[in-house]
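**Student:** Provide a 3D model corresponding to the input given below.
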Amino acid sequence: MGKRQGQQRTPSPGAGGWGLLRATLRRQRRALLAGVLVGLLWSAGKVMVPKLTSLAVDKGILEGGSLWLWAFLLGATACIAGVFTAWRRWYAFRESRLTETRLREQLFDHILRLHVAYHDHTQTGQLMSRASSDLQQIQGFVVMIPVTASNLAMVLAVVVILVVQQPLLAVVALAPLPFLNVLATRFSRRIHPAVLAVQQEQAQLATVVEEAVSGVRVIKGFGAEPVTAARLKVEAEDIRTVSLEAARIRSNFLPALDLLPNLGLLAVLAIGGHRVLDGRMTPGQMLEFMQYIGLLVTPLRNLGMTVAFGQRAA
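**Tutor:** Okay, the predicted model is just below:
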């Protein structure tokens, strides 16, 4: 019975990391929410551009209206979206660096409180790696929070607009999304152990370097330079091996994550072109639809990056 209870209390890999990250982000929730709000305003500006472009083509060119008005509206919208882009990234990088700083301070305080015996069996390089490269992975994940939130809002808005305007073309354009979800799930499962292996090997290399630097007099005194160099070479080769494995996984999945949304774009171009020739769509509506599909490509492309950062941060 006791064994079962012990097994039930055993956390899954990454569970402790997520709990620590949530506790840290909870202290920054106001600034993060402000960053998300700015990102939503950016999304609204981006979603308005295709509609204004459509009106500029249909009203300003085909119907002989004033192009200056539509050009001014497009330029103003682009400037507003640019301001919100800079503001969103400022929030993202500021809060991510604050998260990294707080976690590093917590780690340092925790190390100081540990018993001396802990440091007898823990390599210094492991601690150095946790305090540097691991925290940088968390920082990279926090950067993506406002960006991902605004991208999701933009995707939802674009999907609703596409379905309302042209249901058939919307189905064609969104058909690759289920396959994209399956691919992203498989990518997440494959990349997680590979990323953990890279981080572990980086810690091992940091240990060898730290021991060589701190014990350089002993190494020189006993003429152990070849042995130390051989250890360093082994660890460097191990990092190269696991890094290439992680790169191989990314090379197998990330191009497919880029390809699937563009397949929908090609299908829309083929079907929508015939609808324009038949008079069932105006050129402006076709251009608007294509631009909306284009807005989906970048967020879906960033999906793989977000998944990878999330796995590293855990």
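**Student:** pLDDT below threshold where in the stretch 201-314 of the chain?
**Tutor:** 301-314 (pLDDT under 70).
**Student:** ok, residue 107 to residue 24 distance?
**Tutor:** From residue 107 over to residue 24 the distance is 11 Å, taken as CB to CB, to the nearest Å. For every residue, glycine as well, the C-beta is placed using N, CA and C.
**Student:** again, but for residue 73
**Tutor:** Distance, residue 73 to residue 24, by CB to CB: 42 Å.
**Student:** again with residue 119
**Tutor:** 25 Å.
**Student:** and the helices in the protein?
**Tutor:** 2-9, 15-26, 29-55, 67-113, 116-121, 124-129, 135-165, 167-174, 177-214, 216-221, 225-277, 283-313 (DSSP state H).
**Student:** for residue 61, which of these is the nearest?
**Tutor:** Smallest distance to residue 61 across the helices of the chain (CB to CB): 7.2 Å, for helix 67-113.
**Student:** residue 119 and residue 24: which is more packed in?
**Tutor:** Counted by other CB atoms under 10 Å, residue 119 and residue 24 do not tie: residue 24 has more neighbours, with 17 against 12.
**Student:** surely that one and residue 98 touch.
**Tutor:** No - look at residue 24 against residue 98 with CB atoms under 8 Å: they stay out of range, at 9.1 Å.
**Student:** next, count neighbours for residue 298.
**Tutor:** 15.
**Student:** how far away is it from residue 158?
**Tutor:** Where residue 158 is concerned, residue 298 sits at a distance of 11 Å (CB to CB).
**Student:** and for residue 67?
**Tutor:** For residue 67, the distance to residue 158 equals 26 Å [CB to CB].
**Student:** who has more neighbours out of the two?
**Tutor:** residue 158 (24 against 13).
**Student:** where does pLDDT dip in the stretch 51-200 of the chain?
**Tutor:** 124-126, 129-130, 133.
**Student:** repeat that for 80
**Tutor:** Under the criterion pLDDT under 80, the flagged ranges of the stretch 51-200 of the chain are 62-66, 115-137, 139-140, 181, 184-185, 188, 199.
**Student:** now do the contacts for residue 36.
**Tutor:** Residue 36 makes contacts with 145, 146, 149, 150, as judged by CB atoms under 8 Å, 6 or more residues apart in numbering.
**Student:** nearest to residue 235, of those residues?
**Tutor:** Using CB to CB, residue 145 comes nearest to residue 235 of the contacts of residue 36, at 33.7 Å.
**Student:** right, and that closest one touches residue 31 too?
**Tutor:** No - with contact defined as CB under 8 Å, residue 145 does not count as touching residue 31 (10.7 Å).
**Student:** which neighbours do the two share?
**Tutor:** In contact with both residue 145 and residue 31: residue 95, using CB under 8 Å, 6+ apart.
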